[in-house]
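**Student:** give the three-dimensional model of this entry:
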Amino acid sequence: MTANTQPQPHATDLRAFVPAKDYALSRRFYAALGWTEGYADANLALLERGDTRFYLQAYYQKEWAENTMLHLSVDDAMAWHALAERVIATGEFPGARVSPPAEQPYGALVTHVIDPAGVLLHFAQWHDGK
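**Tutor:** Predicted coordinates for the structure are as follows:
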């Protein structure tokens, strides 16, 4: 095989598209978790928190939503658990759930949060700083 000597393009960001069963409800849910909207219209919102970004869209298919997962590296999985519990305890976000932090075999303490559309968020605190 011959080595490619051509310059390679550089990627600077990766943003997932996340479904919302009730777009307005999901926007409020993520705002309650601390994301802000860098852009929003009737069908799409760019949600930002620190260096993390994703697009929330006013589009829903049950099978897709319930098989969508986002893995976020965080500095404190326990704090994310506490925040998610407070947000969900308000009763404003039907279908949203949170699990207590649990050690994972791949080396992280992880809090699982399910958003109102069924999207699974992994808030992972790495033990080795990954």
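
**Student:** OK, contacts around the residue lying closest to Phe17 once chain neighbours are set aside?
**Tutor:** Once flanking residues are discounted, Phe17 sits nearest to Tyr55: 4.8 Å by Cβ to Cβ, 6 or more residues apart in numbering. Heads up, the C-betas are built off the backbone N, CA and C, glycines and all. If you count contacts by Cβ atoms under 8 Å, 6 or more residues apart in numbering, Tyr55 has them with 15-18, 44-47.

**Student:** mind doing that once more with 7 Å?
**Tutor:** 15, 17-18, 44, 46 (Cβ atoms under 7 Å, 6 or more residues apart in numbering).

**Student:** so how far is the first residue of stretch 37-55 from its last?
**Tutor:** With Cα to Cα, to the nearest Å as the measure, the ends of stretch 37-55 fall 10 Å from one another.

**Student:** count the neighbours of Asn4 for me.
**Tutor:** Close neighbours of Asn4, defined as other Cβ atoms under 10 Å, add up to 7.

**Student:** verify the assumption that it is located in a helix.
**Tutor:** No. Counting by DSSP: H, G, I helix; E, B strand; the rest coil, Asn4 is not found in a helix; it is coil.

**Student:** among the contacts of Tyr55, who's most crowded?
**Tutor:** With neighbours taken as other Cβ under 10 Å, the top of the contacts of Tyr55 is Val18, carrying 22 neighbours.

**Student:** state whether that one is indeed within a strand.
**Tutor:** Yes. Looking at Val18 with three-state DSSP, it is inside a strand.
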